[in-house]
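**Q** Compute the structure for the input listed below.
(one chain, ligands or ions: 2)
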Amino acid sequence: MHRLLERQIRKCYGDEPPSNARCLAFMTAVDAAYHESDSDRALLERSIELASAELAERNAQLERDLQAIKRLEIGLLQAEKLRAIGQLAAGIAHEINTPAQYVGDSIQFLLESFESTRSLVAKYRQAVDILLTEPGHQQLAQELEEAEEAADLAYIGEHAPGAFERAADGIARIASIVSAMKEFAHPDGRAKHPADLNRAIQATLTIARNEYKYVADVETDFGELPPVSCHVGDVNQVILNLVVNAAHAIENLVGNSGEKGRILVRTIHQGKFVRITITDTGAGIPEKIRDRVFDPFFTTKEVGKGTGQGLAIAHSVVVDRHGGSLTLESEVGKGTTFTILLPIDGTSPAKMPRGTSVQGR
Ligand SMILES: Nc1ncnc2c1ncn2[C@@H]1O[C@H](COP(=O)(O)OP(=O)(O)OP(=O)(O)O)[C@@H](O)[C@H]1O
Ligand SMILES: [Mg+2]
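**A** Ligands and ions are numbered 1, 2, ... in the order given. Got it, this is the predicted structure:
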């Protein structure tokens, strides 16, 4: 008998429940009703449970969609910004290129002229020496010697070649930065194009030099790569973000000690993929934040130094735009390696999970 009915009977009749047939039939009917209502309630509870689980799953899905939209939005905003900066940079690079070229040509011309003038001056010197011993010409010879001293001819002869060399060196560096800027600011269209990634990475390292030169030496170990079908401007941006992060991580470790860390950039051809690794000897990423570093706006840097978008953008470019993968390995106090895997043909998805592949090295 249902416990509620039992209780009610005890309440009404004490230890002597009615025993006539009509009462018993009524009690049996009530008992059945109680049991029916129990199973209805259980059913209701189960469906509420299911509905809340579905709701929770939908909420989680919405949260995931929101994150994806956020990432996409950042990617789009960033792509817009980059396109504008890229155009500006390419324009500036072009503007610098022309004067740099004629400064370079002029330095070359002056160097050659100086060399030929040097042999002429040597001949003049001989003539002055002869004039000094020739009666009637000594006055002129002395004036020539004085003019020579006033012009500091000996000093010019000694230092001018070095000055020409430095000027030629400087202009060659400007030319290489300008060409790296042009390469870096390569306007990306909607379609992917085959690109020489080693060259693109080298150009990006030239552009980023100012970000790392005081804290790290950068080494490259480029393997032979086939052309990779990609949006090379976006890939450049990813490399830049990772190298700047590496420099910051090293700065965190070495502080103002004057010591330098090391950033190693390697490329390897692996079947249908190209693997790019960026390894730093920085502070490392603590385990508890490793799976959050790719989240948009996650940063451990002070205001003004980081916005937390670098890795979110890198992830969106590598995974969403190129079907590749971006993973990391890190050890606190020792350093971090980020690995990018890009499909060569720009289509086949890299079958690797998103985010961290954490290993204690
Ligand atoms: N190589 C690294 N070594 C140690 N920590 C890193 C490294 N790369 C990223 N991080 C951590 O991940 C966080 C997120 O990096 P992310 O590049 O997304 O943003 P950010 O560098 O803080 O800002 P920004 O938008 O300027 O790039 C960093 O704040 C840092 O804590
Ligand atoms: Mg960053």
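**Q** Now do the closest residue to ligand 2 within the chain, the pLDDT please.
**A** Closest approach between the chain and ligand 2, counting by CB to the ion: Gly310, at 2.7 Å. For the C-beta atoms, the positions are set from N, CA and C on the backbone; glycine is no exception. Looking at Gly310, its pLDDT reads 90.
**Q** do the same with Leu131
**A** Leu131 carries a pLDDT value of 88.
**Q** Not counting residues beside it along the chain, what's closest to Leu110?
**A** Spatial nearest neighbour of Leu110, excluding adjacent residues (CB to CB, 6 or more residues apart in numbering): Phe164 at 6.8 Å.
**Q** Does that neighbour lie in a helix or a strand, and which?
**A** Assigned by DSSP states H and E, Phe164 belongs to helix 153-184.
**Q** before we move on, what about Leu140?
**A** Per DSSP H and E: Leu140 is located in helix 138-150.
**Q** quick one, that helix and helix 153-184 angle?
**A** In terms of direction (axes from the mean of the first three to the mean of the last three CA atoms, to 10 degrees), helix 138-150 departs from helix 153-184 by 40 degrees.
**Q** ok, residues contacting helix 138-150?
**A** Tyr124, Val128, Leu131, Leu132, Glu134 (CB atoms under 8 Å, 6 or more residues apart in numbering).
**Q** Please pick the buried ones from the residues you listed.
**A** Val128, Leu131 (16 or more other CB atoms under 10 Å).
**Q** Of the contacts of helix 138-150, just say which sits nearest to Asp221.
**A** Asp221 lies nearest to Tyr124 out of these, by CB to CB, at 55.1 Å.
**Q** just the helices in the chain please.
**A** Assigned by DSSP state H, the chain shows helices spanning 3-13, 21-133, 138-150, 153-184, 197-212, 232-254, 310-315.
**Q** and the angle for the helix holding Phe164 with helix 197-212?
**A** Here helix 153-184 points in a direction 120 degrees away from that of helix 197-212 (the same axes, to 10 degrees).
**Q** now for helix 153-184, which elements pack on it?
**A** Other elements packing on helix 153-184 under the criterion 3 or more CB pairs under 8 Å, 6 or more residues apart in numbering; DSSP states H and E are helix 21-133, helix 197-212, helix 232-254.
**Q** The same query, at a cut-off of 7 Å, please.
**A** Applying 3 or more CB pairs under 7 Å, 6 or more residues apart in numbering; DSSP states H and E, one finds that helix 153-184 contacts helix 21-133, helix 197-212.
**Q** from the middle of its chain, how far away would it be?
**A** Distance of helix 153-184 from the chain centroid (CA atoms, centre = their mean, to the nearest Å) equals 31 Å.
**Q** about what we covered before: show me the two of the contacts of helix 138-150 that sit farthest apart.
**A** Checking the contacts of helix 138-150 with CB to CB, the most distant pair is Tyr124 and Glu134, at 14.8 Å.
**Q** And for the residue of the chain closest to ligand 2, the neighbour number?
**A** By the measure other CB atoms under 10 Å, the count of residues near Gly310 is 22.
**Q** roughly how far apart are the residue nearest the centre of the chain and Ala314?
**A** Geometric centre of the chain, nearest residue: Asn241, 2.0 Å, by CA atoms, centre = their mean. Asn241 is 5 Å from Ala314, where distance means CB to CB, to the nearest Å.
**Q** and what of Ile289?
**A** Ile289 is 16 Å from Ala314, where distance means CB to CB.
**Q** out of those two, which sits in the busier spot?
**A** Taking other CB under 10 Å, Ile289 and Ala314 do not tie; Ala314 has more neighbours (23 against 11).
**Q** what's the pLDDT at the spatially closest residue to the more buried one that is not a sequence neighbour?
**A** Spatial nearest neighbour of Ala314, chain neighbours left out: Val238 (4.4 Å); criterion: CB to CB, 6+ apart. Among the per-residue scores, Val238 shows a pLDDT of 94.
**Q** shouldn't Val238 be in contact with Ala312?
**A** No: applying CB atoms under 7 Å, one finds Val238 not in contact with Ala312, separated by 11.3 Å.
**Q** So which of those two has more stuff around it?
**A** Counting neighbours by other CB under 10 Å for Val238 and for Ala312 shows that Val238 has the greater number, 27 against 23.
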